[in-house]
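J.: Sequence and predicted structure, then a few things I'm wondering about:
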Amino acid sequence: MEIKYVGPKPFISTGGITFDNEKSDKFIYFHSLIQLMQAIDHDYEEGRPYVYEVEARLIRGSDMSEMIMQCCPEVAAVAKEAKVKASLYVDENRKRAENSPFLCEIETQVLVNNLNLMQNYTVQRYVNKCTYYYMVERFIERLRHNKIAYISMPVHATYFHVLNTIQRGLRQQKSPVSSNLSFHSEGRETYVRLNIVN
């Protein structure tokens, strides 16, 4: 399994390739999600709060892959399936471009070349996305199994995004789980807190 950063969502057209900087590669959230998983993977005593020191260091793609495998050993199969699906998606787009009655020969050639140029990028983004959502599902399972009442983290874009994704995942369970996000301060630090209601 290979996990690496590729970049924001691409728009591939006959006019070129542009990027939507609002749609980040899920790779940037892996470290925060891994830290959350590590923080809750232990035995608990009822009523006792647990503190986990977060790491701010940058992680290389190869190290990230190892850390993900440690948290979710079965994720390699998910990544492999995602790679196949994404490759098929690119192939379908290529065929659609080649057979489009709306494009002239030059436009067809440009679009096919752009799709070919961005194939690895597109596939890796999809692998990252599927891996991320799979890990969120596993995290929610652990969260519910351990009956965790709340999680509090420093306000940071990646932590906040991960907690939002987890909250959405809790709502989408077969037996939906109520939760809410709140903010609180301790000294000079501001924290975001995910409260599990039921």
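T.: That came in fine, so what should we check first?

J.: At which residues are the helices of this protein located?
T.: 30-40, 61-71, 75-98, 105-117, 119-145, 157-171 (DSSP state H).

J.: just checking, what packs against the second one?
T.: Think helix 61-71. The contact analysis (3 or more CB pairs under 8 Å, 6 or more residues apart in numbering; DSSP states H and E) places helix 61-71 against helix 30-40, helix 75-98, helix 119-145. All C-beta spots, glycine's among them, are computed from the backbone N, C-alpha and C.

J.: Turn these into TSV, columns for mean neighbour count and distance to residue 175.
T.: Shown next, in TSV, are the helices and strands packed on helix 61-71 (neighbours: other CB atoms under 10 Å; distance: least, CB to CB, whole Å):
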stretch	mean neighbour count	distance to residue 175
helix 30-40	20	20
helix 75-98	15	23
helix 119-145	19	9
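
J.: Residue 150: neighbouring residues, count only.
T.: 13 (other CB atoms under 10 Å).

J.: so it makes contact with residue 191?
T.: No: with contact defined as CB atoms under 8 Å, residue 150 does not count as touching residue 191 (10.6 Å).

J.: Next one, pLDDT for the residue nearest to residue 193 when sequence neighbours are not counted please.
T.: Closest residue to residue 193 apart from its sequence neighbours, by CB to CB, 6 or more residues apart in numbering: residue 152 at 4.4 Å. For residue 152, the pLDDT comes out at 89.
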